Structure formats: structure tokens, C-alpha cells
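Peer 1: whatever this is, show me its structure:
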Amino acid sequence: MGGDHGPRVTLAACRQFLDHHPDARLLLVGAPASLQAFSHPRARIVAASEVVAMDDSVEVALRKKRDSSMRVAIQQVKDGQAQAAVSAGNTGALMALARYLLKTLDGIDRPAIASPLPNAKGGSTTVLDLGANVDCTEHHLLQFAVMGSALVSALKNEDQPSVGLLNIGEEVIKGNDVIKKAGELLRSAANSGDLNFYGNVEGNDIFKGTTDIVVCDGFVGNVALKTSEGLASMIGGFLREEFSRNPLTKIAGIFALPVLTAFKSRVDYRRYNGAALLGLRGLVFKSHGSADEFAFEQALGRAYDAARNQLLDRVQARIAHARPLLVREAEAAPLEADAT
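Peer 2: Down below sits the predicted model:
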């Protein structure tokens, strides 16, 4: 029910997803009147009488809209009726509801939003956090690295994905106090075999594909995400404008079309839609609010892959392995008040 377009886009994406995944089932959560036109043998409607609006506060979502489609969807995961929940709605409300209903895993203080971004190697770099946590300590960044490693390991079948810490330079002495301390923790985790820590990386390394994972706080990560989306849109607009100016550029465009088409596909952020909310006792994925049919289907597919590859079990196993380090660092850190 959420996002900029609601059922008009999500239902079409659901049909495409079911056509492409013959062993999948969907629970469509929302107002029956808006969903009843959708009919499929592997889909059923779960009624919810309210919708969390994009401008609703976290308090409204948690305390006043107790029968919202977002809350009911996450409840399906908690009750074991679904293996994952996907929403294009209010990000802050989704994170708050998911944390409230599902709780965080032992050893994790804050969930993080993780998503792949395209890189020059033809693959993707997973970046976290992308906006759930604006102010992070070094201990949170360590937890993000452990969870991100589990995510990439599960979805890309890489036993030891490389982790980079986003900084203003590669040198150990660079960065603020939090980044320097985080680097020390990540090196300790590497020495204990809990992480494959590459070291400090810079912003351009995300798109070079220098490491499989890049860890940062949510403020920086969200800026990087929105910048990459804006750049992709700008490139597409520039190419359209250039190839429509005169006959010569149109002819050049015809010969260059295969290369340009491949490039456009690679940088199309819709292909990478579907960010995982990591650190919870259940799988929840966030789609862009502006997602079209293709993008929302990608988010469904990402949640499907996570469930099929037992992402939650792998995250728990990796956290359990790193738990001695996480607990030791948590005990050394001051207690954090939980505003939620």
C-alpha cells in the first residue's frame, strides 16, 4: 500500500515476480478493496485497515496505526507466516516497527540498511548503513561490518567478502576519532578471523569495486546512495539530449547503441532496488518509495533470494562467531539509551 504509487505499481510487480518465481508465494497486505482485483493461485490477501503515510511520524506508526499494512506485514514474519516482508513505505516507520516487533539479534544494538551499488567491475558493492543510523559509534560500525559480511556471503556465495571502512583517505591516521577507533576494532576482528578487513577506502572505491562491502554511518551512506542515483539519472538525460540534437550524433548513437544500452543497464539504480534491514530477528526489505514495476520486482526478488539462501541463519551464525569480540567491545562502551 505504501510508496509513491501504491497498488497500481506494486500489484503489477507482484504478478511479474510470481511469473518469474514459480515456487514463491505472496501475501498481499492492505485494504481488500484496493487489492481484490488481483487474483493468483500463489497469492492471497491479508487485510489491514490502515496505511502509514510517507509523512507520518514514528510515533503515529507505532502507537496510533496498530492495524497498518506495514505493521501487519511485519507481524506475518514474526508469526512465521512469511519468510520476509517488503515495503516501499515510510523508511523511518518501517525501521521502527521492524525493530519493535522483531527485536534485534543478540550482540546487535542497531539495525542497519544495506544495499548494493553498481561498480566498475560489472558487479556491485554492498554499502551500509544507508540511512537508519545517522550518529554511529565505532562499535556500531563493527556490527555493521559483521552483518554486511553475512549478507554478501549468503547472497553471493563468498566465504570471506572483503570489508572497507569509508574514510577521507586510505592512511590509518586519517579520519575522525570514531573512524580511527572503528579501524582498530575491524583490524582486531580480522586478526580473530571474524572479518576480511581490507582497510580504509574512499568514496570512489565504492564504484571501483575495491571491496565487496563498504561500512559507514547512515548520514554518509545515504548521501552516497542519493548521489549515485542522481548521477545515473543525469547520465541518462545527457545521452538522450546529445543524441537528439543533430543527425550526426544520432548516427553515432546507432553505432554506439549496444555499448550505451549495456552501460545504462549497469548503472540503472532500479536493478539494485531492495535494501535489507540487517540485525533483526526476521527479514525485512525496503524498496524505494518511487519504485516502478521493474524496481519493485527487484526488491521482491532480493527478499526471495535472502529467504532462499537462509540469510537470517547466516547472519546469526556470523554474529555468534564474532560474539566474543562484540560483547567485549560492548562492555567497554558506555551504555546507550534506547529512544525507541
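Peer 1: helices of the stretch 51-200 of the chain, residue ranges please.
Peer 2: Residue ranges of the helices in the stretch 51-200 of the chain, as given by DSSP state H, counting those that start in this stretch, are 58-59, 69-78, 91-102, 138-156, 177-191.
Peer 1: quick one, which of those helices is nearest to residue 5?
Peer 2: With Cβ to Cβ as the measure, helix 69-78 is the member of the helices of the stretch 51-200 of the chain nearest residue 5 (14.5 Å). C-betas here are computed from N, CA, C, even on glycine.
Peer 1: count of residues packed around residue 10?
Peer 2: For residue 10, the count of nearby residues is 26 (other Cβ atoms under 10 Å).
Peer 1: tell me how far it lies from residue 214.
Peer 2: 30 Å (Cβ to Cβ, to the nearest Å).
Peer 1: ok, back up a step: let me have the helices of the stretch 51-200 of the chain in a markdown table, extended by mean neighbour count and distance to residue 164.
Peer 2: Supplementary listing: the helices of the stretch 51-200 of the chain in a markdown table, determined by neighbours: other Cβ atoms under 10 Å; distance: least, Cβ to Cβ, whole Å:
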| stretch | mean neighbour count | distance to residue 164 |
| --- | --- | --- |
| helix 58-59 | 14 | 31 |
| helix 69-78 | 22 | 31 |
| helix 91-102 | 22 | 24 |
| helix 138-156 | 25 | 9 |
| helix 177-191 | 18 | 9 |
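Peer 1: quick one: which of these is nearest residue 309?
Peer 2: Between residue 309 and those, the shortest separation by Cβ to Cβ is 4.6 Å, and it involves helix 138-156.
Peer 1: export the closest one to PDB, keeping only CA atoms.
Peer 2: Once side chains and other backbone atoms are set aside, the C-alpha atoms of helix 138-156 remain, and they are given as PDB (Å, rounded to 0.1, in the frame of the first residue of the first chain):
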ATOM      1  CA  GLU A 138      32.900   2.600  16.400                       C
ATOM      2  CA  HIS A 139      31.100  -0.400  17.900                       C
ATOM      3  CA  HIS A 140      28.100   0.100  15.600                       C
ATOM      4  CA  LEU A 141      30.400   0.200  12.600                       C
ATOM      5  CA  LEU A 142      31.900  -3.100  13.700                       C
ATOM      6  CA  GLN A 143      28.500  -4.600  14.000                       C
ATOM      7  CA  PHE A 144      27.600  -3.300  10.500                       C
ATOM      8  CA  ALA A 145      30.700  -5.000   9.100                       C
ATOM      9  CA  VAL A 146      29.800  -8.300  10.600                       C
ATOM     10  CA  MET A 147      26.200  -8.100   9.300                       C
ATOM     11  CA  GLY A 148      27.300  -6.900   5.900                       C
ATOM     12  CA  SER A 149      29.700  -9.800   5.600                       C
ATOM     13  CA  ALA A 150      26.900 -12.300   6.400                       C
ATOM     14  CA  LEU A 151      24.700 -10.600   3.800                       C
ATOM     15  CA  VAL A 152      27.200 -10.800   1.000                       C
ATOM     16  CA  SER A 153      28.300 -14.300   2.000                       C
ATOM     17  CA  ALA A 154      24.800 -15.500   1.800                       C
ATOM     18  CA  LEU A 155      23.700 -13.800  -1.500                       C
ATOM     19  CA  LYS A 156      27.000 -14.100  -3.400                       C
END
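Peer 1: check the offset of it from the chain's centre.
Peer 2: In this view, helix 138-156 has its centroid 12 Å away from the chain centroid, taken as Cα atoms, centre = their mean, to the nearest Å.
Peer 1: which strands or helices does that helix pack on?
Peer 2: With contacts taken as 3 or more Cβ pairs under 8 Å, 6 or more residues apart in numbering; DSSP states H and E, helix 138-156 sits against strand 112-118, strand 124-128, strand 162-166, helix 177-191, strand 213-215, strand 275-278, helix 293-308, helix 311-332.
Peer 1: what comes into contact with the first one?
Peer 2: Residues from elsewhere that reach strand 112-118 (Cβ atoms under 8 Å, 6 or more residues apart in numbering): 91, 95, 124-133, 140, 143-144, 147-148, 151, 206-207, 218, 221, 224-225, 228, 266-267, 269, 271-272, 274-279, 286.
Peer 1: cool, and the fifth one?
Peer 2: Contacts of strand 213-215 from elsewhere in the structure, counted by Cβ under 8 Å, 6+ apart, are 125-129, 141, 144-145, 148-149, 152, 161-166, 182, 186, 201, 205-206.
Peer 1: note down every partner strand of that strand and its orientation.
Peer 2: Partner strands for strand 213-215, per DSSP bridges, with pairing direction: strand 124-128 (parallel), strand 162-166 (parallel).
Peer 1: can you put these in TSV and add distance to residue 303 and mean neighbour count?
Peer 2: What follows is those, written out as TSV (distance: least, Cβ to Cβ, whole Å; neighbours: other Cβ atoms under 10 Å):
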stretch	distance to residue 303	mean neighbour count
strand 124-128	15	26
strand 162-166	23	24
